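Q: sequence first, then the predicted structure, then my questions.
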Amino acid sequence: MSGSLEVRQFLLRHEGDAQGSAYGGVPAQRAGHGDAPRVSDDQVRRARLAVARGASGPDDCAELLDMLGLKPDKDGPPPVQR
């Protein structure tokens, strides 16, 4: 745990003044799933398009979508939206 704090302190000293973050550009760890904002359908659609553009082929695209939780499944919404 102290290693993480040391990394943050280092970044605060050497990164400069980043706007919009309490930790100088280092994202804060989420406390739990209750405070996490929901991922919208539009965000999922745009993420899928970005993955498809960067994939080297259909198999690569399917694997990346699955790894990122963007692949739709038979249970309803993709894992990223649960």
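A: Thanks, I have the structure now.
Q: going forward, measure contacts and count neighbours with C-alpha atoms only.
A: Fine.
Q: contacts for the helix or strand that residue 47 is a member of, please.
A: Assessed by DSSP states H and E, residue 47 sits inside helix 41-54. Contact with helix 41-54 is made by 61, 64-65, 70, as judged by C-alpha atoms under 8 Å, 6 or more residues apart in numbering.
Q: which stretches of this protein form helices?
A: Along the chain, counting by DSSP state H, helices occupy 2-15, 41-54, 58-67.
Q: pick out the shakiest of those, pLDDT-wise.
A: Looking at those, the lowest mean pLDDT belongs to helix 2-15 (a mean of 64).
Q: how about residue 68, phi and psi?
A: Dihedral angles of residue 68 (phi, psi; degrees, to the nearest 10) stand at phi -90, psi 0.
Q: again, but for residue 55
A: Torsion angles, degrees, to the nearest 10, at residue 55: phi -70, psi 150.
Q: now do the contacts for the residue nearest to it when sequence neighbours are not counted.
A: Sequence neighbours aside, residue 61 is the residue nearest to residue 55 in space, at 5.0 Å (criterion: C-alpha to C-alpha, 6 or more residues apart in numbering). Residues counted as contacts of residue 61 (C-alpha under 8 Å, 6+ apart) are 51-52, 55.
Q: what's the spacing between residue 61 and residue 70?
A: 11 Å (C-alpha to C-alpha, to the nearest Å).
Q: run a quick neighbour tally on residue 64.
A: 18 (other C-alpha atoms under 10 Å).
Q: how close does residue 40 get to residue 82?
A: 11 Å.
Q: next one: residue 60
A: 24 Å.
Q: the more surrounded of those two?
A: Between residue 60 and residue 82, counted using other C-alpha under 10 Å, the more crowded position is residue 60 (14 against 10).
Q: next one: the more buried one from residue 67, what distance?
A: 10 Å.
Q: now do residue 77
A: Relative to residue 67, and taking C-alpha to C-alpha, residue 77 is found at 15 Å.
Q: can you list the domains in the protein?
A: 2-34, 41-81 (automatic domain parsing).
Q: what's the burial count for residue 8?
A: Other residues near residue 8 number 19, with proximity taken as other C-alpha under 10 Å.
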